[in-house]
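Enquirer: when you get a sec, could you give me coordinates for this:
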Amino acid sequence: MGFPGDDGRLPVIYVRGFAGTGTAVNTAVDDPFYGFSQGSVHVRADSNGRAKFHQFESPMLRLVSDHKYEVPVHGDQWAFLNSADAGSVNPASVWIHRFYDVSADTFGADPENFSFEDAARDLFKLIKLVLEKTGAPKVFLVAHSMGGLICRSLLQRVIPESLAGQDGNVDAAAGAGFVARVFTYATPHGGIRFAIGFGLLEKIRDATGLQGADIFGPDRMYEYLTPPALRRTLTRDQFIATEMPEEGFPVDELFCLVGSNPEDYDVAMGLSSKAVGARSDGLVQIDNAAVRGAPLAVVHRSHSGRYGIVNSEEGYQNLQRFLFGDLKVEVELVGFTVGRDAPADVEFQLDVALAIRGLPVMVHEQSASHFCPVQIEHWREGDPIDSPVPLLTTFLSSKAPRPRVGGRVVPRLRHALRLRLMSIREKEGHFFFDDHLEQTEDWQDTLVVDIEPPAKDRPLPRAWAAWNSVIPTALRDWEPGERDQLKDIDPTVHRWTGRIDVPEASRDLLGRHAGINLTVTPRTLSF
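Expert: This is a model prediction of the structure:
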């Protein structure tokens, strides 16, 4: 016997970001979908070198077209839900947490001051109402910026407090009984800091609560993320904003999409991006945009706007794979001894990019040019770096559309991992370029991987992989053979791990036993 939503399409509730006060709040409220219905365009060059547009229709419309979701607004979603019979509403539905409505003066009512805590409590009310009317067991939460902090407050404080026993004890994991997965776009999980002012700007913001922006400071974050019942064991001094309780909502079910493009963020005529610094999306610094231990992806998008992270193809592709994907893919470096013969002042950085067949964008991209490469530890005698170094985690869907090759649908999911290793001399905080070749890598290659999803008679996937440098054909024409098939080296039940060594020509530089581990785990929703 199934239940509504047992096809994986749980209700989606969108939670928007910070609007400040006044006109910005009114603008948000005047939009029926709080900004989540905006799309954008990409520009690509055609065969004649002319610019051509590639349209992206907005994440909400794509949920409707790709996954057959409904958006049952009907004039007022609260009125509609309250009047509907229990279990009568389609679980594959999209809802907007319109927490700013009470703070707008658009309709002539007396506006209330925005309350972060009220927004988190009202989100819980909306979740319970949606679950009652749809009959779904849980919801998906999709949040932008501050909205991700509202979701964390809901999971870490509001729900545990609401369901506390008579003795006052709270269950830190209680939120998992209502929420299946959380996807955050550009959320300042570690707060917002500035690259200028030597901490003075943060002190002024937190002391004055200017336009309510103190919610991005550590003191207020501690308040709304930590139930009073737990503050004896987790004091303010021990609090780290980017960490969630180990016994709480599982971080594996929280995805953090991180932006790395501050240049397109034009709020306050670009002053925000200058204050926050280059290593950011224009408002949130890269290091503060993810929860420790949670899966994440970095994309070259700004914090918001028409070409921002929410209204982007990169954002949607990560979103749909995280919410609906049935395969979790983890990539690790193993056995690298980079720098074995290099002077101590030579630093190594690795650019990492992930492409998935059929998509016009990268779903993950860390690079030195975007100020976020993967730092590779310098090998030292007696201190081998042969333990796995996590590179990225992504999600694939065996149900996703696949291209036709030779008149038939390809049976495998293909993605490409592009790696580019560069080095530079650094001493006492200064770079030296006397022997440097700018933007010239010491090594680069692309690992092309085919994954065949599990089948009824085969509970684990199969995979094939080859380095682009040894593939003699165009990548679209590559047909992996028996020698390309990876063996499962992990005895763990319900988990598959394969290893591929780096090409022979690169082993003097990277390490004689350097390679990549791919771990693929079948993934289901837990109810």
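
Enquirer: can you list the weak-confidence ranges in this structure?
Expert: 1-6, 108-109, 268-269, 380-387 (pLDDT under 70).

Enquirer: pull the longest helix from it.
Expert: helix 116-134 (DSSP state H).

Enquirer: could you list the buried residues of that one?
Expert: Neighbour-count burial for helix 116-134, counted by 16 or more other C-beta atoms under 10 Å, picks out 116, 119-124, 126-127, 129-131, 133-134. Just so you know, the C-beta spots here come from the backbone N, C-alpha and C atoms, and that holds for glycine as well.

Enquirer: equivalent analysis for stretch 85-100, please.
Expert: 89, 90, 91, 92, 93, 94, 95, 96, 97, 98, 99, 100.

Enquirer: ends of that stretch, how far apart?
Expert: The first and final residues of stretch 85-100 sit 27 Å from each other (C-alpha to C-alpha, to the nearest Å).

Enquirer: could you pull out the strands for the stretch 101-250 of the chain?
Expert: Assigned by DSSP state E, counting those that start in this stretch, the strands in the stretch 101-250 of the chain fall at 139-144, 179-185.

Enquirer: now these in JSON lines, with distance to residue 214 and mean neighbour count?
Expert: Below are these laid out as JSON lines (distance: least, C-beta to C-beta, whole Å; neighbours: other C-beta atoms under 10 Å):
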{"stretch": "strand 139-144", "distance to residue 214": "20", "mean neighbour count": "27"}
{"stretch": "strand 179-185", "distance to residue 214": "20", "mean neighbour count": "25"}
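
Enquirer: picking that back up, kindly reformat the buried residues of helix 116-134 as TSV containing distance to residue 159.
Expert: Shown next, in TSV, are these (distance: C-beta to C-beta, whole Å):
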residue	distance to residue 159
116	16
119	14
120	9
121	10
122	13
123	10
124	6
126	13
127	9
129	15
130	15
131	13
133	19
134	19
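
Enquirer: pairing partners for residue 375 in the sheet, please.
Expert: Residue 375 has the following beta-bridge partners by DSSP bridges: residue 349.

Enquirer: which residues does it contact?
Expert: Shown in contact with residue 375 (C-beta atoms under 8 Å, 6 or more residues apart in numbering): 347, 348, 349, 350.

Enquirer: and which of those is nearest residue 515?
Expert: Within these, proximity to residue 515 (C-beta to C-beta) peaks at residue 350, which comes in at 14.2 Å.

Enquirer: what sits against the residue nearest to the closest one when sequence neighbours are not counted?
Expert: Excluding the flanking residues, the one nearest residue 350 by C-beta to C-beta, 6 or more residues apart in numbering is residue 374, at 4.3 Å. If you count contacts by C-beta under 8 Å, 6+ apart, residue 374 has them with 349, 350, 351, 352, 366, 389, 391.

Enquirer: what residues does stretch 361-371 touch?
Expert: 42, 260-261, 278-279, 286, 297-300, 312-314, 317-318, 321, 349, 351-356, 372-374, 392, 394, 420, 422.

Enquirer: go through stretch 9-25 and flag the buried ones.
Expert: Here stretch 9-25 shows 9, 10, 11, 12, 13, 14, 15, 16, 17, 18, 19, 25 as buried, counting by 16+ other C-beta under 10 Å.

Enquirer: mind listing which of those are in helices?
Expert: Mapping those onto helices (DSSP H) picks out residue 25.

Enquirer: mark which of the buried residues of stretch 9-25 are part of strands, please.
Expert: 12, 13, 14, 15 (DSSP state E).

Enquirer: quick check, nearest of these to residue 272?
Expert: Nearest to residue 272, judged by C-beta to C-beta, of those is residue 15 at 21.4 Å.

Enquirer: wait, isn't the closest one in contact with residue 97?
Expert: Yes: the pair residue 15 and residue 97 passes the contact test of C-beta atoms under 8 Å, sitting 4.7 Å apart.

Enquirer: burial count for residue 204?
Expert: Per other C-beta atoms under 10 Å, the neighbour tally for residue 204 reads 12.

Enquirer: over to residue 152?
Expert: 28.

Enquirer: what number of residues lie near the residue lying closest to it once chain neighbours are set aside?
Expert: Sequence neighbours aside, residue 225 is the residue nearest to residue 152 in space, at 6.0 Å (criterion: C-beta to C-beta, 6+ apart). Residue 225: 22 surrounding residues under other C-beta under 10 Å.

Enquirer: with residue 56 instead?
Expert: Neighbours around residue 56, by other C-beta under 10 Å: 22.

Enquirer: residues near the closest residue to it other than its chain neighbours, how many?
Expert: Nearest residue to residue 56 in three dimensions, chain neighbours excluded: residue 313, at 4.7 Å (C-beta to C-beta, 6+ apart). By other C-beta under 10 Å, the residues close to residue 313 number 24.

Enquirer: residue 389 against residue 335, yeah?
Expert: No: under the criterion of C-beta under 8 Å, residue 389 makes no contact with residue 335, lying 9.8 Å away.

Enquirer: so which of the two has more stuff around it?
Expert: residue 335 (22 against 18).

Enquirer: Three-state assignment for the closest residue to the more buried one other than its chain neighbours, please.
Expert: Excluding the flanking residues, the one nearest residue 335 by C-beta to C-beta, 6+ apart is residue 513, at 3.8 Å. State at residue 513, reduced to three classes by DSSP: H, G, I helix; E, B strand; the rest coil: coil.

Enquirer: so how far is residue 336 from residue 513?
Expert: Here residue 513 is placed at a distance of 9 Å from residue 336 (C-beta to C-beta, to the nearest Å).
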